[in-house]
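Asker: have a look at this prediction, sequence included:
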Amino acid sequence: MTERQAGPERPENAAGPGIKETSGKSGIREMLLNMRLEVNRGKNRFTMSHGSFNYRRRMGVWRKLKPAGCAETAGGFALLFDDGGKTFALSVSEAPAGYDVRLIAPRGTGRNLFRVAFPTAEGLHYYGCGEIHSAFDLKGRKVRIFVAEHQNALRIGDKIVREKLLGKKPDLSIPFRFYESYYVQPTFTTSGKWCFHADTKAYAEFDFRKSGEVSFETQEKDAVFHLRTADTCSGLSEELTALTGRQKRLPDWIYDGAILAVQGGTETVDLKIDRAQGAGAKVAGIWSQDWCGCRRTGFGYQVMWNWEWDRDLYPDLDRRIKEWKSRGIRFLGYINPFLALEGSLYRYATARGWCVKDRKGQDYLVKITTFPAAMVDLTNPDAYEWYKGVIQDNMIALGMGGWMADFGEYLPTDCVLFSGEDPELLHNRWPAIWAGLNRKAIEEAGVSDEVFFFTRAGYTDTCKESPMMWTGDQHVDWSMDDGLPSVIKATLSLAMSGYGITHSDVGGYTTVMDMTRSKELLLRWEEMNAFSPLFRSHEGNQPSRNAQFDDDEELLAQLALTSRVHAALKPYLRELEAENSERGVPVMRPLFYHYEENRAYAECTEYLLGRDILVAPIVREGASSRIVWLPDDEWVHFFTKEEYGSGSHDVEAPVGRLPVFVRKGAERFDELTSIV
């Protein structure tokens with residue numbers, strides 16, 4: 001920082017409670033001139049159990065630094081703060097659509113915790129921070145930015161006990177302090193059409209609890225954060241994704257129908273394909289996560305994490321994959337960064353020292369549900385190249401059209417890495433490193449137009465490394481926090497974080513004790529996911545206890561309807577995907593994205609599929625209708641062709657007739673309204 005002369009005058013009410021307006025570039029400048037800086041020193045204490053992190057720290061008292069002036073700098077200004085004779089600075093530089101801010105800490109300060117607070121307009125709504133399943137509007141919340149297993153034991157245990165004592169109460173949310181997420185990102189957007197993104201990698205926190213103020217806590221003394229503004233939500237997405245990156249295009253075939261989860265071997269795959277197609281379903285792919293074998297545990301039917309074709313379970317798989325592809329059906333598999341201790345790949349990797357180590361120099365064994373596993377050290381160039389080769393040789397060469405690239409959030413903070421990097425600082429970035437390995441395996445094999453993968457965990461660079469997310473392991477129920485309704489909030493949170501193409505497991509995944517998937521839940525989930533970028537089912541962790549797509553004739557008829565609707569939406573979905581890739585505009589959007597009405601900012605059980613389709617999923621068990629709020633436009637029911645104006649409507653919704661509406665005036669109006 002080069003001080004030249006006195007900078008812009010810092011307002012007398014610096015860091016006061018709220019300011020009149022924070023939209024537009026001038027509003028952001030006023031907000032930044034009111035920034036407050038607090039410092040502290042402390043030490044993190046992380047305890048991991050099954051990927052969930054208990055976070056504690058020892059620290060002193062937060063010290064609010066005294067403003068020490070405002071200096072003009074090349075391209076902007078700097079706010080100076082005094083810390084007992086040492087000067088901190090928040091250096092602000094102008095960008096075309098906003099400002100960039102760098103924290104500059106003096107040498108030898110001894111401080112390692114920093115909190116930047118700035119006033120905002122009263123009544124703002126906040127969205128993003130990655131993937132949030134329990135809430136969409138984050139106003140009144142404190143959000144921690146640290147990648148973790150979303151389905152932690154505390155959440156599930158609390159829910160089971162609560163339901164045993166009080167009965168099922170799907171609308172009852174657990175305390176937000178228990179919340180963790182597979183995908184976090186130091187990013188938020190506001191109803192004032194400005195966004196914030198931090199270039200950080202360590203543990204961080206956002207605090208939206210105080211009206212008229214936001215604070216960002218970081219553990220990096222050279223942290224940089226960016227504020228951008230735009231006139232429209234699409235313009236804001238474009239500005240944000242210019243910072244974070246955008247998803248690549250996906251293969252054309254994924255929109256040609258449903259991708260059905262089938263496990264149990266080659267004969268079972270053939271049987272399920274024949275059953276689905278015989279009922280009139282459009283089948284674009286088969287996803288067999290147990291292609292490499294299975295293990296049966298107390299948790300359920302799980303994959304054997306040894307990424308080699310199980311020839312006993314799937315005889316003639318190489319030949320059958322070619323046959324299925326000739327019929328327009330791709331075969332998909334599964335992989336993650338772990339290795340089963342019983343497998344040949346683990347023996348190969350550990351003999352070469354390619355696994356993440358503990359502090360005693362032994363392979364760090366992480367417990368996953370009921371069994372331990374080793375993790376490939378992706379900071380070791382030799383291990384990285386070998387694992388990339390495993391994907392190319394054992395999956396792509398076999399003929400797979402794609403796979404689930406699971407996990408990424410489990411890097412222990414007390415491990416030892418080949419690179420010597422601090423695992424606390426690499427932990428959040430690990431999912432993006434894992435996604436990048438999968439991307440490079442595909443690109444180097446020259447099959448990007450045919451093969452894709454989808455990920456669960458994420459951080460900032462995941463936006464440019466992974467072409468698609470899925471929203472993780474939802475419960476097979478109707479709960480607002482973890483069941484069917486939660487995927488809507490999670491998807492919209494990702495959309496407002498700059499990640500614009502995602503989907504969920506049709507029917508959910510997690511079965512624990514009495515929590516099992518009903519036929520009704522599966523029917524309603526299929527209806528919803530027909531109106532999403534990818535229609536993919538899941539059998540769940542205990543398939544025999546959960547309803548499946550071919551259990552009876554009604555389910556098969558529903559699969560036929562929903563898969564055909566999804567396939568018919570292909571031209572529209574391809575346009576939306578291109579817009580996401582080129583400009584960062586998400587495929588699934590909150591209502592306020594195009595309608596600036598107060599109700600739109602609170603709505604989290606409806607969504608827009610692009611500009612022209614509004615989807616109102618059935619989110620309550622036993623419901624045959626729902627209240628649908630339609631924003632200020634003219635709408636036509638996708639199924640009945642009945643016309644609706646704006647406002648609230650009680651819409652009949654028998655199974656097979658989800659409340660979906662097409663906007664009058666849409667470019668593809670005639671095409672969309674003639675699908676059924």
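Answerer: Thanks, I have the structure now.
Asker: residue 94 and residue 101, how far apart?
Answerer: 11 Å (CB to CB, to the nearest Å). Using the backbone N, CA and C atoms, a C-beta is placed for each residue, glycine as well.
Asker: is residue 532 in contact with residue 501, as I believe?
Answerer: No. If you go by CB atoms under 8 Å, residue 532 and residue 501 don't touch, sitting 9.3 Å apart.
Asker: more neighbours: the two, which one.
Answerer: residue 501 (28 against 23; other CB atoms under 10 Å).
Asker: so what's that one up against?
Answerer: For residue 501, the contact set (CB atoms under 8 Å, 6 or more residues apart in numbering) comprises 247, 250, 467-469, 533, 577, 580, 586-587.
Asker: those residues in helices, which ones?
Answerer: Within those, membership in helices is found for 577, 580, as judged by DSSP state H.
Asker: turn the contacts of residue 501 into TSV, columns for distance to residue 256, pLDDT and neighbour count.
Answerer: As requested, these are exported to TSV (distance: CB to CB, whole Å; pLDDT from 0 to 100; neighbours: other CB atoms under 10 Å):
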residue	distance to residue 256	pLDDT	neighbour count
247	20	98	25
250	12	98	23
467	17	98	25
468	16	98	22
469	21	98	29
533	13	98	27
577	14	98	24
580	19	98	25
586	22	98	30
587	17	98	25
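Asker: and the contacts of residue 501, which is closest to residue 392?
Answerer: Closest approach to residue 392 among those (CB to CB): residue 467, at 17.3 Å.
Asker: before we move on, back to that, which of residue 94 and residue 101 has more neighbours?
Answerer: The residue with more neighbours, out of residue 94 and residue 101, is residue 101; 24 against 13, by other CB under 10 Å.
Asker: the more buried one against residue 227, yeah?
Answerer: Yes. Between residue 101 and residue 227 there is a contact under CB under 8 Å: 7.3 Å.
Asker: now do the buried residues in stretch 639-652.
Answerer: Applying a neighbour-count criterion of 16 or more other CB atoms under 10 Å, the buried positions in stretch 639-652 are 639, 644, 649, 651.
Asker: so the first one, which of the three states?
Answerer: Three states are possible here, and by DSSP: H, G, I helix; E, B strand; the rest coil the one that applies to residue 639 is coil.
Asker: ok, and the closest non-adjacent residue to it?
Answerer: Spatial nearest neighbour of residue 639, excluding adjacent residues (CB to CB, 6 or more residues apart in numbering): residue 657 at 4.7 Å.
Asker: relative to residue 517, how far out is the one you found?
Answerer: 22 Å.
Asker: more neighbours: which of these two?
Answerer: More crowded of residue 657 and residue 517, by other CB under 10 Å: residue 517, with 25 against 17.
Asker: for that one, give me its contacts.
Answerer: Neighbouring residues of residue 517 by CB under 8 Å, 6+ apart: 476-477, 507-508, 511, 540, 545-547.
Asker: from those, list just the buried residues.
Answerer: So, by 16+ other CB under 10 Å, the buried ones in the contacts of residue 517 are 476-477, 507-508, 511, 540, 546-547.
Asker: how about those in TSV, adding secondary structure, distance to residue 290 and pLDDT?
Answerer: Below are these laid out as TSV (DSSP: H, G, I helix; E, B strand; the rest coil; distance: CB to CB, whole Å; pLDDT from 0 to 100):
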residue	secondary structure	distance to residue 290	pLDDT
476	coil	19	97
477	coil	24	96
507	coil	17	97
508	coil	19	98
511	coil	17	93
540	coil	13	96
546	coil	16	97
547	coil	20	98
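Asker: wait, which of these is closest to residue 239?
Answerer: Nearest to residue 239 out of the buried ones among the contacts of residue 517 is residue 508 (CB to CB; 34.8 Å).
Asker: quick one: contacts for that closest one?
Answerer: Contacts for residue 508 (CB under 8 Å, 6+ apart) come out as 473-477, 483-484, 517, 521, 525, 538, 540.
Asker: so which residues of the stretch 1-150 of the chain form strands?
Answerer: With DSSP state E, counting those that start in this stretch as the criterion, the stretch 1-150 of the chain has strands at 36-40, 42-49, 52-59, 63-64, 66-73, 76-83, 86-95, 98-104, 113-119, 126-130, 142-145.
Asker: out of these, which is closest to residue 324?
Answerer: Closest among those, using CB to CB: strand 126-130, at 35.8 Å.
Asker: list the contacts of the closest one.
Answerer: Applying CB under 8 Å, 6+ apart, the external contacts of strand 126-130 come out as 136-139, 143, 145, 181, 183-191, 195, 206, 208, 214, 458-459, 492-494, 496-497, 590.
Asker: ok, which pair from the contacts of residue 508 is furthest apart?
Answerer: Maximum distance among those (CB to CB): 15.1 Å, for 473 and 521.
Asker: which one's more surrounded, the two?
Answerer: Using other CB under 10 Å as the criterion, residue 473 and residue 521 rank with residue 521 on top: 23 against 20.
Asker: does that one count as helix, strand or coil?
Answerer: Going by three-state DSSP: residue 521 is helix.
Asker: which residue is nearest the centroid of the protein?
Answerer: Closest residue to the average C-alpha location of the chain: residue 131 at 4.3 Å, with CA atoms, centre = their mean.
Asker: thought that one was touching residue 496?
Answerer: No. Counting by CB under 8 Å, residue 496 is not a contact partner of residue 131; they are 10.5 Å apart.
Asker: flag the shaky bits of this protein, pLDDT-wise.
Answerer: Applying pLDDT under 70 to the chain flags the ranges 1-7, 10-21.
Asker: kindly recompute the last result at 90.
Answerer: The model of the chain has pLDDT under 90 over residues 1-23, 74-75, 108, 151-178, 297-300, 368-370, 512-514.
Asker: for residue 406, give me its contacts.
Answerer: Taking CB under 8 Å, 6+ apart as the test, what residue 406 contacts is 334-336, 455-456.
Asker: next one: residue 275
Answerer: Contacts of residue 275 by CB under 8 Å, 6+ apart are 550, 556.
Asker: now residue 149
Answerer: Contacts of residue 149 (CB under 8 Å, 6+ apart): 50-52, 180, 182, 409-410.
Asker: picking up where we left off before, for the residue nearest to the centre of the chain, which non-adjacent residue is spatially closest?
Answerer: Sequence neighbours aside, residue 183 is the residue nearest to residue 131 in space, at 3.9 Å (criterion: CB to CB, 6+ apart).
Asker: surely that neighbour and residue 459 touch.
Answerer: Yes. Using CB under 8 Å, residue 183 is in contact with residue 459, at 7.3 Å.
Asker: joint contacts of the two?
Answerer: In contact with both residue 183 and residue 459: 130, 147, 431, using CB under 8 Å, 6+ apart.
Asker: distance from stretch 437-457 to the middle of the chain?
Answerer: On the basis of CA atoms, centre = their mean, to the nearest Å, stretch 437-457 sits 18 Å off its chain's mean C-alpha point.
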